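> Structure, please.
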Amino acid sequence: MADRPDRRRTPLLQVDRLDVHFGRAHVLQGVSLALDHGVLAIVGRNGMGKSTLCNAITGLVPASGTVRFAGQEILGLPPNRITNLGMGYVPQGRRVWASLSVDEHLRLVQRSGGKGRWTAERIYDLFPRLADRRRNGGGQLSGGEQQMLAIARALLLDPKLLVMDEPSEGLAPVIIDQVVEMLKTLAGEGEISVLLIEQNLGVAIDVADRVGVMVNGRIARFLSAAELGSDVELQHQLLGVRAGDDEQVEEEAAPLVSGAADSSSVVYTIRRAGDEAAAPGAPEIRAVRGFTRWNAADPQAPVADRPVVAARDSLVEQRADRGGTLPSFEASSAALAEASAEAKVLEFPVAATSMRAAYVAGTFDTKGRELFYLRDCLEKLGLRTVTVDLATSGRPSPAMVHPREVARHHPKGERAVFTDDRGSAVSRMAVAFAQFIERRRDIGGLISAGGSGGTSLATAAMRRLPIGVPKVMVSTVASGDVKPYVGPSDIMMMYSVTDVSGINRISQRVLANAAHALAGMMAYAPRPDHAAETKPALALTMFGLTTPCVQAITKKLEETYDCLVFHATGTGGQSMEKLVDSGLIAGVLDITTTEIADELVGGVLTAGPERLDAIVRSRVPYVGSCGALDMVNFW
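Residues are numbered from 1 along each chain as shown. Okay, the predicted model is just below:
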């Protein structure tokens with residue numbers, strides 16, 4: 001970007017020691033930044049506090065510290081007052097009104113914002129696509145058009161500063177390019193400065209003069225966009241790429257640098273207004289413990305998960321007798337260690353979270369608020385999320401995966417799912433979703449919330465996942481007979497208490513518990529090589545009559561094998577075959593086959609006609625017996 005003149009002596013935005021707490025969670029920890037003019041980008045992974053920083057600056061969440069805008073303290077002012085002072089906000093997720101047309105959006109904002117440099121005509125000149133769709137409702141716009149409308153809505157308030165939270169999220173590359181060009185145009189005109197919160201490093205480097213790296217609620221380092229753009233190793237650290245990929249990048253880049261093989265290669269050096277005159281030195285690598293392991297800390301500004309010095313002072317202050325002597329150093333150290341152990345958080349290594357995602361699935365047309373609340377809870381814990389819409393209503397979808405994309409996985413195609421009969425549409429969407437989930441390679445866990453229909457949709461796919469993959473279902477039917485939903489799988493059913501219809505004090509707590517349960521299961525999932533370190537597993541079936549036999553076999557084999565005993569009551573046989581399909585069973589000792597007798601004679605403890613199918617498919621070593629085959633259960 002071209003150099004821009006410094007038109008202001010005092011910073012347009014000055015943030016000093018900004019802190020935000022959500023309950024006991026210290027989300028923002030002493031954040032400080034200054035924006036004189038131009039574009040300042042804040043980058044970081046999910047859950048680092050970037051959106052909370054936006055909300056604190058714009059007055060949407062309580063905070064402590066100092067936030068000055070154009071020299072005036074604005075911390076504590078209501079959001080409408082901050083907007084009137086000249087700060088525009090483009091929130092994450094666009095948040096346009098589905099029932100209002102584009103023209104109605106602009107007229108509504110123009111009426112409340114008054115006359116200024118920005119008018120509807122100027123907006124339409126900047127965004128010709130909005131002019132073409134001015135009569136369309138917000139819900140009929142594409143994601144890129146909704147983002148343009150959200151930016152236009154903020155510009156009509158004639159801002160001096162534009163705060164933008166993830167403007168490129170969920171947009172197609174061609175739309176991202178248009179947004180980038182628009183931001184460059186605005187910054188180049190010099191009328192508006194931009195605080196850009198962005199996870200897309202390419203966008204941040206292309207648009208911004210300076211970039212701040214956010215780690216665990218603190219800004220670890222400020223650097224010029226040129227420095228970040230030229231430091232591939234630092235970019236890999238920010239993105240969580242494994243160190244093994246660096247060698248490949250260097251090998252590919254070598255011919256371009258040497259110039260021996262291609263004499264026409266030209267190297268350009270781009271300098272920006274915020275660049276230092278001297279080339280930056282290699283940054284000191286320091287590990288940061290917590291949700292991620294970014295290693296871009298400044299040696300002069302150490303970053304930790306929480307201010308240790310302040311914690312130590314607080315502990316000494318609380319434990320000291322004001323009329324006596326301070327406790328010994330050993331006692332204070334022990335107390336601090338105890339408090340640190342109690343404050344332990346879930347740790348998600350970068351390599352693990354980059355390869356595994358928490359899938360949030362459900363009908364977003366009717367349960368959108370609840371599902372997005374689950375997503376937000378998971379992202380605040382540092383997990384990467386994927387939202388999947390299973391609605392069959394045909395309405396516009398706010399989720400990352402559209403219902404039509406899921407429906408394409410049905411054996412008969414998309415048209416077989418979207419029918420006028422709701423019952424058949426739901427059952428066929430369940431089939432399509434099960435096929436969709438089986439093809440995902442990055443799934444680390446699956447969570448959903450809904451009523452009876454939503455439960456049927458989600459659990460059909462959960463049952464297809466291997467045993468051990470975390471599955472949580474928040475349902476209104478979880479307090480009754482859940483056998484049709486759970487089957488032989490390890491689905492965790494959580495009763496919603498109230499109907500899954502809106503966020504209230506009860507549903508908020510239940511949904512938060514469900515999200516934390518999924519996050520905990522994903523955080524402590526066994527390593528991929530864990531199975532190789534343990535004894536091979538043998539499956540044995542047992543009934544009352546065959547108990548002595550199974551116990552004797554188990555005693556003989558338990559030193560060499562991990563013996564898993566299944567009660568042959570229908571579900572037990574199904575669970576065993578589910579584990580066989582998952583590849584977790586090394587062999588089967590089918591001592592009790594009474595479930596087959598129940599299936600043939602009409603008993604109530606049948607495992608279904610597929611009782612031996614998994615064993616045949618997997619070709620696992622199998623020893624069968626006729627134990628309790630002469631018994632049938634009719635109660």
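
> Pop the domain breakdown of the chain in here.
The record's domain split for the chain, according to automatic domain parsing, is 13-258, 308-342, 350-523, 531-627.

> Next, give phi and psi for residue 163.
Residue 163 has phi and psi values of phi -100, psi 120 when expressed as degrees, to the nearest 10.

> Would you check that it makes contact with residue 56?
No: at 10.6 Å, residue 163 does not count as touching residue 56 under the criterion of C-beta atoms under 8 Å. For the C-beta atoms, the positions are set from N, CA and C on the backbone; glycine is no exception.

> which stretch in the domains of the chain is the model least sure about?
Of all the domains of the chain, the minimum mean pLDDT falls on domain 308-342 (a mean of 50).

> if we can go back for a sec, can I get the domains of the chain in a markdown table including mean neighbour count?
Output for the domains of the chain, formatted as a markdown table (neighbours: other C-beta atoms under 10 Å):
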| stretch | mean neighbour count |
| --- | --- |
| domain 13-258 | 18 |
| domain 308-342 | 11 |
| domain 350-523 | 19 |
| domain 531-627 | 18 |
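
> Nearest to residue 635, out of the ones you listed?
Closest approach to residue 635 among the domains of the chain is made by domain 531-627 (6.6 Å; C-beta to C-beta).

> hey, where'd the strands end up in the stretch 1-150 of the chain?
Secondary structure of the stretch 1-150 of the chain (DSSP state E, counting those that start in this stretch): strands at 13-22, 25-35, 39-43, 64-69, 72-73, 87-90.

> helices and strands around the first one, which ones?
Translated: strand 13-22. strand 25-35, helix 50-57, strand 64-69 (3 or more C-beta pairs under 8 Å, 6 or more residues apart in numbering; DSSP states H and E).

> can you put the ones you listed in a markdown table and add distance to residue 502?
Conversion of the helices and strands packed on strand 13-22 to a markdown table gives the following (distance: least, C-beta to C-beta, whole Å):
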| stretch | distance to residue 502 |
| --- | --- |
| strand 25-35 | 24 |
| helix 50-57 | 22 |
| strand 64-69 | 31 |
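
> which one of the ones you listed lies closest to residue 137?
Evaluated with C-beta to C-beta, those place helix 50-57 nearest to residue 137, the distance being 26.4 Å.

> hmm, who's touching the closest one?
Identification of contacts with helix 50-57 by C-beta atoms under 8 Å, 6 or more residues apart in numbering yields 13, 15, 18, 20, 27-28, 31, 42-44, 60-61, 63, 67, 87, 89, 91-92, 163, 165-166, 195, 197, 199, 214, 217.

> Tell me the secondary structure at residue 431.
helix (DSSP: H, G, I helix; E, B strand; the rest coil).

> OK, contacts around the closest residue to it other than its chain neighbours?
Excluding the flanking residues, the one nearest residue 431 by C-beta to C-beta, 6 or more residues apart in numbering is residue 410, at 5.8 Å. Contacts for residue 410 (C-beta under 8 Å, 6+ apart) come out as 416, 417, 428, 429, 431, 432, 435.

> Let's have those in CSV, adding distance to residue 143.
Output for these, formatted as CSV (distance: C-beta to C-beta, whole Å):
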residue, distance to residue 143
416, 27
417, 22
428, 26
429, 22
431, 28
432, 23
435, 25
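
> And the helices in the stretch 51-200 of the chain?
Ranges of helices in the stretch 51-200 of the chain, per DSSP state H, counting those that start in this stretch, are 79-84, 102-113, 120-126, 128-132, 143-155, 173-189.

> Wasn't residue 494 part of a helix?
No: per three-state DSSP, residue 494 lies outside any helix segment and is strand.

> how far away is it from residue 477?
11 Å (C-beta to C-beta, to the nearest Å).

> For residue 555, give me the backbone phi and psi.
Phi and psi for residue 555, reported as degrees, to the nearest 10, are phi -60, psi -30.

> how close does it get to residue 132?
Going from residue 555 to residue 132 by C-beta to C-beta gives 77 Å.

> Next: residue 184.
Distance from residue 184 to residue 132, by C-beta to C-beta: 23 Å.

> check contacts around residue 66.
Applying C-beta under 8 Å, 6+ apart to residue 66 gives the contacts 14, 15, 16, 17, 18, 73, 75.

> Report the two members of the residues you listed separated by the largest distance.
Maximum pairwise distance among those (C-beta to C-beta): 13.4 Å, between 17 and 73.

> if we can go back for a sec, measure the residue nearest to residue 431 to residue 418 for me?
10 Å.

> which secondary structure element contains residue 590?
Here residue 590 is covered by strand 587-592, with elements defined by DSSP states H and E.

> neighbouring contacts of that strand?
Applying C-beta under 8 Å, 6+ apart, the contact partners of strand 587-592 are 536, 538-543, 545-546, 549-550, 553, 561, 568, 576, 580, 615, 620-625, 627-628.

> Residue 633: which of the domains of the chain is closest?
Across those, closest to residue 633 is domain 531-627 (C-beta to C-beta), at 4.5 Å.

> and residue 573, helix, strand or coil?
Assigned by three-state DSSP, the conformation of residue 573 is helix.

> so it makes contact with residue 612?
No: contact criterion C-beta under 8 Å: residue 573 and residue 612 do not qualify, at 9.2 Å.

> joint contacts of those two?
With C-beta under 8 Å, 6+ apart applied, the contact sets of residue 573 and residue 612 do not overlap.

> what does the longest helix belonging to the chain rub up against?
Counting by DSSP state H, the longest helix found in the chain is helix 505-523. The contact list for helix 505-523 (C-beta under 8 Å, 6+ apart) reads 346-348, 356, 358, 370, 373-374, 377-378, 381, 383, 444-445, 447, 449, 470, 472, 474, 492, 494-498, 500, 503.

> what sits against residue 180?
168, 203, 206, 207.

> If we only consider those, which is nearest to residue 389?
Using C-beta to C-beta, residue 168 is the member of these that lies nearest residue 389, at 20.8 Å.

> That closest one: what's it in contact with?
176, 179, 180, 198, 200, 203.

> got the contacts of residue 180 as CSV, with secondary structure and distance to residue 110 columns?
Output for these, formatted as CSV (DSSP: H, G, I helix; E, B strand; the rest coil; distance: C-beta to C-beta, whole Å):
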residue, secondary structure, distance to residue 110
168, coil, 26
203, helix, 28
206, helix, 31
207, helix, 27
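
> Relative to residue 423, which of the residues you listed is nearest.
Nearest to residue 423 among the contacts of residue 180, counting by C-beta to C-beta, is residue 168 at 39.8 Å.

> Please determine how far that closest one is located from residue 151.
Separation of residue 168 from residue 151 (C-beta to C-beta): 12 Å.

> ditto for residue 184
Distance from residue 184 to residue 151, counting by C-beta to C-beta: 13 Å.

> what does residue 220 give?
29 Å.

> for residue 10, same thing?
27 Å.

> cool, residue 625 as well?
Using C-beta to C-beta, residue 625 is found at 71 Å from residue 151.

> Over to residue 575?
53 Å.

> just residue 475 next, same as before
39 Å.

> Ok, residue 583 next?
Computed with C-beta to C-beta, the distance linking residue 583 and residue 151 is 49 Å.

> swap in residue 230?
Distance from residue 230 to residue 151, counting by C-beta to C-beta: 29 Å.

> about what we covered before: continuing past the strand holding residue 590, what's the next helix or strand?
Criterion used, DSSP H and E; the element after strand 587-592 is helix 594-601.

> So what touches the helix or strand following that following helix?
For helix 594-601, the following helix or strand on the C-terminal side (DSSP H and E) is helix 613-618. For helix 613-618, contacts defined as C-beta under 8 Å, 6+ apart pick out 577, 578, 580, 581, 583, 588, 590, 622.

> Tell me what angle the following helix or strand past helix 613-618 forms with helix 594-601.
The first helix or strand that comes after helix 613-618 along the chain, using DSSP H and E, is strand 622-627. Here the directions of strand 622-627 and helix 594-601 differ by 70 degrees (axes from the mean of the first three to the mean of the last three C-alpha atoms, to 10 degrees).

> Just the C-alphas of strand 622-627, formatted as PDB.
Below are the C-alpha coordinates for strand 622-627, written out as PDB (Å, rounded to 0.1, in the frame of the first residue of the first chain):
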ATOM      1  CA  TYR A 622     -14.000 -65.400  15.500                       C
ATOM      2  CA  VAL A 623     -14.900 -68.300  17.800                       C
ATOM      3  CA  GLY A 624     -18.600 -69.100  18.200                       C
ATOM      4  CA  SER A 625     -20.500 -71.200  20.600                       C
ATOM      5  CA  CYS A 626     -24.100 -72.300  21.200                       C
ATOM      6  CA  GLY A 627     -24.200 -70.900  24.700                       C
END
